[in-house]
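Asker: Generate coordinates for the sequence data below:
(one chain, ligands or ions: 1)
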Amino acid sequence: MKFYATLPPGLEDVAAKEVEELGGRVEEIRQEKGRIFFSGEKDIIPAINHLSRTLERLNLLLLRCSVETLDDIYREVKSLDFSFIKGKSFAVRSLRVGEHDFTSMDIARVAGQAVIDSFMESHGERLRVNLSEPDVILRVELVENELFVGVDTTGDDAMHKRWWRVYNHPAHLNAATACGMIRLAEWKFDESLIDPMCGSGTIPIEAALMARNVPNKREFAYQKLCKKDFEWEEKNVRLKLFGIEKFRKHLEGALNNAENAGVLDTITFMQGDATEMSGEYDVIITNPPYGLRIHRKGAIERLYRDFAIAARKCMNQDSRLVIITAEYKLLARAAEEAGLQCTHERFVRYGGLLTKIMVFKV
Ligand SMILES: C[S@@+](CC[C@H](N)C(=O)[O-])C[C@H]1O[C@@H](n2cnc3c(N)ncnc32)[C@H](O)[C@@H]1O
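Answerer: Numbering: from 1, shown residues only. Sure thing, here's the model as predicted:
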């Protein structure tokens with residue numbers, strides 16, 4: 001079967017590695033476009049939805065071709081066999097990237113009609129449309145002049161929406177990006193890992209779930225299409241995970257999230273100041289405030305400078321410091337002044353924001 005998955009743009013190679021570990025055969029990586037294409041057996045549908053940590057959505061690829069007009073889209077979609085929707089309701093979710101003289105709503109309307117007409121011709125029945133709670137979600141996406149039609153096995157809520165999050169930090173990190181950072185740090189499960197500005201705890205919680213092989217326990221769209229048993233083996237390993245947060249409210253939120261995730265026993269959360277952190281850590285991963293509002297620039301500059309000095313003191317020859325920020329120029333300067341070497345950096349698109357993940361060593 002052919003699949004394509006979406007993920008935070010910039011982390012394609014990292015996600016591709018994870019897909020291979022889960023049994024997929026990666027065929028194409030669209031670097032910085034947030035898409036990878038691969039093939040695999042049917043069994044990887046539950047495995048990837050529950051166990052992939054860096055992907056956002058897994059689609060079964062039905063069609064990929066070049067189109068120019070809405071008529072082309074209608075014709076291409078109508079040529080597909082939609083027998084698998086028999087007895088079920090469906091909805092088309094569309095996306096459009098690039099310059100076109102029609103909207104994504106037009107794509108959804110035309111593609112939806114093509115699905116109905118195709119089924120009517122082959123089965124003599126009209127398929128039921130249910131826009132709010134469909135049994136089957138069809139993704140019809142036009143990127144420049146390339147059309148992708150797929151069956152969404154994940155659902156309207158992407159995979160990065162995790163089951164454990166009961167406390168919503170206003171600036172929480174996308175869990176898929178957090179896991180991408182953990183993988184970029186090359187964290188080994190017996191190494192210590194700290195997030196010194198942990199907010200609601202996304203990074204240490206995801207590290208614990210990764211090491212213990214705990215799946216994403218929420219419902220996925222594929223479960224409405226086929227009842228496939230999914231088996232996994234959790235490992236109750238003890239880990240050296242830490243989180244520091246300045247504000248009580250967020251720290252309490254992190255504790256609630258960790259408890260809900262079932263990993264509170266293995267993470268030490270502390271209220272404190274990252275610029276005064278002490279001890280020695282193998283891996284430091286964090287998502288500091290960005291200070292997008294101009295009047296906070298000075299405070300952010302000071303925070304980055306003081307944090308880089310404190311982090312440097314907590315690192316040994318092999319330690320890695322991994323940071324995501326939109327203020328990457330400030331960070332680069334602060335890190336250099338603290339005597340840290342940048343060994344890797346990459347742009348990652350985060351919502352509408354261009355951020356960088358930077359890896360430092362002493
Ligand atoms: C962008 S948020 C982190 C969000 C977190 N990754 C999550 O997923 O919830 C930055 C966090 O750093 C905290 N913070 C800011 N300055 C700090 C400092 N000096 N020491 C510790 N935490 C700090 C803020 O309170 C905020 O919760």
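
Asker: Please make it C-alpha for all contacts and neighbour counts, starting now.
Answerer: Fine.

Asker: hmm, who's touching the longest helix along the chain?
Answerer: Secondary structure of the chain read by DSSP state H shows that its longest helix is helix 104-123. With CA atoms under 8 Å, 6 or more residues apart in numbering as the test, helix 104-123 has contacts from 70, 73-75, 77-83, 91-96, 125-127, 140.

Asker: Return a selection command, for use in PyMOL, containing the buried ones of those.
Answerer: Restricted to buried positions by 16 or more other CA atoms under 10 Å, the PyMOL selection for those reads:
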select buried, resi 70+73+74+77+78+82+91+92+93+94+95+96+127+140
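
Asker: now, which of the contacts of helix 104-123 lie close to the ligand?
Answerer: On the criterion CA under 6 Å from any ligand atom, none of the entries of the contacts of helix 104-123 sits beside the ligand.

Asker: Inside helices: which ones of the contacts of helix 104-123?
Answerer: Using DSSP H, the members of the contacts of helix 104-123 that fall within helices are 70, 73-75, 77-78.

Asker: First-to-last residue distance for stretch 286-300?
Answerer: For stretch 286-300, the first-to-last residue distance is 14 Å (CA to CA, to the nearest Å).

Asker: can you list contacts of that stretch?
Answerer: So stretch 286-300 is in contact with 173, 195-198, 203, 322-327, going by CA under 8 Å, 6+ apart.

Asker: According to the record, where do the domains of the protein fall?
Answerer: Following automatic domain parsing, the chain resolves into domains at 2-152, 175-361.

Asker: tell me the mean pLDDT for the first one?
Answerer: The average pLDDT for domain 2-152 rounds to 97.

Asker: Quick check: end-to-end length of it?
Answerer: First-to-last residue span, domain 2-152, CA to CA: 13 Å.

Asker: Can you pick out the most distant pair from the ones in helices among the contacts of helix 104-123?
Answerer: Taking CA to CA as the measure, these span a maximum distance of 12.1 Å, between 70 and 78.

Asker: pLDDT below threshold where in the stretch 201-350 of the chain?
Answerer: Applying pLDDT under 70 to the stretch 201-350 of the chain flags the ranges 292-295.

Asker: My reading is that residue 256 lies in a helix. Confirm?
Answerer: Yes: checked against DSSP: H, G, I helix; E, B strand; the rest coil, residue 256 lies within a helix.

Asker: Break down the stretch 151-300 of the chain into its strands, ranges please.
Answerer: Secondary structure of the stretch 151-300 of the chain (DSSP state E, counting those that start in this stretch): strands located at 192-195, 240-245, 267-271, 281-286.

Asker: so what does the third one touch, helix or strand wise?
Answerer: With contacts defined as 3 or more CA pairs under 8 Å, 6 or more residues apart in numbering; DSSP states H and E, strand 267-271 has these neighbours: helix 202-211, strand 240-245, helix 248-261.

Asker: Mind doing that once more with 10 Å?
Answerer: Here strand 267-271 touches strand 192-195, helix 202-211, strand 240-245, helix 248-261, going by 3 or more CA pairs under 10 Å, 6 or more residues apart in numbering; DSSP states H and E.

Asker: do the same with the second one
Answerer: Contact here means 3+ CA pairs under 10 Å, 6+ apart; on that basis strand 240-245 packs against strand 192-195, helix 202-211, helix 248-261, strand 267-271, strand 281-286.

Asker: want to throw those into JSON lines with mean neighbour count and distance to residue 242?
Answerer: Formatted as JSON lines, the helices and strands packed on strand 240-245 follow (neighbours: other CA atoms under 10 Å; distance: least, CA to CA, whole Å):
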{"stretch": "strand 192-195", "mean neighbour count": "24", "distance to residue 242": "5"}
{"stretch": "helix 202-211", "mean neighbour count": "24", "distance to residue 242": "7"}
{"stretch": "helix 248-261", "mean neighbour count": "20", "distance to residue 242": "11"}
{"stretch": "strand 267-271", "mean neighbour count": "19", "distance to residue 242": "5"}
{"stretch": "strand 281-286", "mean neighbour count": "24", "distance to residue 242": "9"}
